Structures are given as structure tokens and as C-alpha cells.
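[1] coords below, sequence missing:
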């Protein structure tokens, strides 16, 4: 199961707008919006939710978002590209996509940004390889149980069967280049992978 942020973190306190006219409320919404963006980049949906959470009326929320967007302080395409560039170096594409959708990025924007990034499969394979190295530290890769646990972990993180197998093959090659004999069970990997393919496809 993939972790998805709940959005409950860092809730904004309700604001008291008594005695304030619409112009003053809009100004307060703009300031609140810019303060949030100063702390960290956010999607339009995240900003809208936070401002509404603070009790700002929809007209003030719209005005604050439009003001921030006019200076490109809020830009969902830029947010998505930055998130993909950093996220795909640490997590699976599936997990990063789920997080972006949860943050309010629409599927069309996500697909367009992925296409603009070009071939990211190699990046994903390196990410999976790095995780294999980390998860096998101090362990024997030739142990079928160790390999199985690592592969199941990667599948749980959302990596595809193809990415996992490619990363495992790279790791096996590194071991062989460093003088370790390849496992009889791993060989070309089919002994472990036939059953494992079913696990990945069910995940």
C-alpha cells in the first residue's frame, strides 16, 4: 500500500474577520497565501484548502490565488516538474504520481510533465538499485530469502516488475565484477522471478 499524505498536518487556525471589510479580508488572504509560499512551494489546491481552512471566503481565496499566480509564485506545472525531478530519484514513479495527484495536480498536467522529462526509466532503475544496495547492507544477496524480501519491499514502494528486475540484474552484475560468484538460483533470475512476477502484478 502506498503512503498518501492526509493533509491534516500543520492546520491553519480560523481567522476572525469581524470588523474587516472585503478589501481588508482580501489583503489578509494575499498575505497568508504569500507567507505559505515563502515557507515552501505549494499547488493551487493546497493553497485553496489552507486558505479555506483559515476561514477566508471563496472570493478572497480566488483573489489571493490570482494575485500569487500573476507573479508565478503559484504554478502547478513548475511544482510538478520540480517534484518529479527530486521525487523520482528517491521513490517509484507510481508513488510520486500518487503523491502529486493527492496534492491536487491533475492527470493531464502530470502526464504532460512526464512526457517533457523524457526517458525517466533509467533514473527509476538507478533509484531501485540504490534501494537494493541500502536494503542488502550487511546481508547475503545470494540468500534467496534476502532477495525475495528486498524485491517485495521494492514492489511495495510501487516499482514495476521491469524496473525491479533491471535493478536486481545490475546489482548482481556488480557483485560478479567485484569477485562474488553469482547465485545458482539467480542465474538469469528466472528461478526467483517467475513466482515474483505474480506478486508484483498483484501489488
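    Thanks, I have the structure now. As the structure is a computational prediction, the values presented were derived from the model and not from experiment.

[2] how close does residue 98 get to residue 110?
    Per Cβ to Cβ, to the nearest Å, residue 98 is found 10 Å from residue 110. In this view, the C-beta of every residue, glycine as well, is placed from N, C-alpha and C.

[3] my read: residue 82 touches residue 41, true?
    Yes - the pair residue 82 and residue 41 passes the contact test of Cβ atoms under 8 Å, sitting 6.9 Å apart.

[4] between those two, what contacts are shared?
    Shared contacts of residue 82 and residue 41, defined by Cβ atoms under 8 Å, 6 or more residues apart in numbering, are absent.

[5] The host helix or strand of residue 111 packs against which elements?
    When elements are defined using DSSP states H and E, residue 111 is found to belong to helix 107-117. Under the contact definition 3 or more Cβ pairs under 8 Å, 6 or more residues apart in numbering; DSSP states H and E, helix 107-117 sits against helix 76-87, helix 93-102.

[6] Could you give the separation of it from the chain centroid?
    14 Å (Cα atoms, centre = their mean, to the nearest Å).

[7] Give me the residues contacting the helix or strand following it.
    Where DSSP H and E defines the elements, the next helix or strand beyond helix 107-117 is helix 121-135. The contact list for helix 121-135 (Cβ under 8 Å, 6+ apart) reads 88-93, 149-150, 153-154, 157, 159, 163-164, 166-168, 170-171.

[8] so helix 121-135 versus helix 107-117, what angle?
    90 degrees (axes from the mean of the first three to the mean of the last three Cα atoms, to 10 degrees).

[9] Helix 121-135: which residues count as buried?
    Within helix 121-135, the residues scored as buried using 16 or more other Cβ atoms under 10 Å are 123-129, 131-132.

[10] repeat for stretch 137-146
    Buried, per 16+ other Cβ under 10 Å, within stretch 137-146: 141-142.

[11] distance of the residue minimising distance to the centre of the chain from residue 65?
    In the chain, the centroid-proximal residue (Cα atoms, centre = their mean) is residue 96; its distance is 2.5 Å. Remark: distance between residue 96 and residue 65 (Cβ to Cβ) = 24 Å.

[12] Leaving out chain neighbours, which residue sits closest to residue 95?
    Nearest non-adjacent residue to residue 95, counting by Cβ to Cβ, 6 or more residues apart in numbering: residue 158, 4.1 Å away.

[13] rewinding a little: excluding covalently adjacent residues, which one is nearest to the residue nearest to the centre of the chain?
    With sequence-adjacent residues excluded and distances taken as Cβ to Cβ, 6+ apart, residue 96 is closest to residue 87, at 4.0 Å.
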